[in-house]
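Colleague: Coordinates for the following, if possible.
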Amino acid sequence: MKKVTALILTATALGGLSGCTTSKQVSGNLVTEQQQAKIRTGMSRSEVEKLLGTPSFVNPKDSNIVYYYGELSNNRMLVGKTLEKAKTVEITYSLLNHVKSVRTINRKEAVF
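Modeller: Just a heads-up that it's a prediction; the model follows:
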């Protein structure tokens, strides 16, 4: 009987621990600090897209302004998804498609 009780308690404990399993998930285009630091004024649009990929959004009023938006979430079994980080990087290009400015913006400033 003690062996059966010990087996049930062990199985219950292991089952409970599986609920603590966490995995990280990136959604969208989350620009790292290292990637953002590599973007310099005067770089061409194609150089930036080679580094960061296709922008998440283009400003509907000005196609020379693009946004890279990404999220990092923790997915925990039995608890669900929690947002750890969200970031939007705005890049403004000149009429000749060269970087004029790069900045991280907050959600209230976002046009999309």
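Colleague: For residue 36, which three-state class applies?
Modeller: helix (DSSP: H, G, I helix; E, B strand; the rest coil).
Colleague: which residues sit in contact with it?
Modeller: 89, 102, 104 (Cβ atoms under 8 Å, 6 or more residues apart in numbering). Yep, even glycine has a C-beta here, placed from its N, CA and C like the rest.
Colleague: part of a strand, is the second one?
Modeller: In other words, residue 102. Yes. Checked against three-state DSSP, residue 102 lies within a strand.
Colleague: Residue ranges in this structure under the pLDDT threshold?
Modeller: Along the chain, segments meeting pLDDT under 70 span 1-20, 26, 78-79, 107-112.
Colleague: all helices for it, in order.
Modeller: Along the chain, the stretches classed as helices by DSSP state H are 2-18, 33-38, 45-52.
Colleague: hmm, which of the contacts of residue 36 are the buried ones?
Modeller: Using 16 or more other Cβ atoms under 10 Å as the burial test, the contacts of residue 36 include 89, 102 as buried.
Colleague: how about the contacts of residue 36 in a markdown table, adding distance to residue 27?
Modeller: Formatted as a markdown table, the contacts of residue 36 follow (distance: Cβ to Cβ, whole Å):
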| residue | distance to residue 27 |
| --- | --- |
| 89 | 15 |
| 102 | 22 |
| 104 | 17 |
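Colleague: just the contacts of residue 36 now: which is nearest residue 33?
Modeller: residue 104 (9.5 Å; Cβ to Cβ).
Colleague: All good on my end, thank you.
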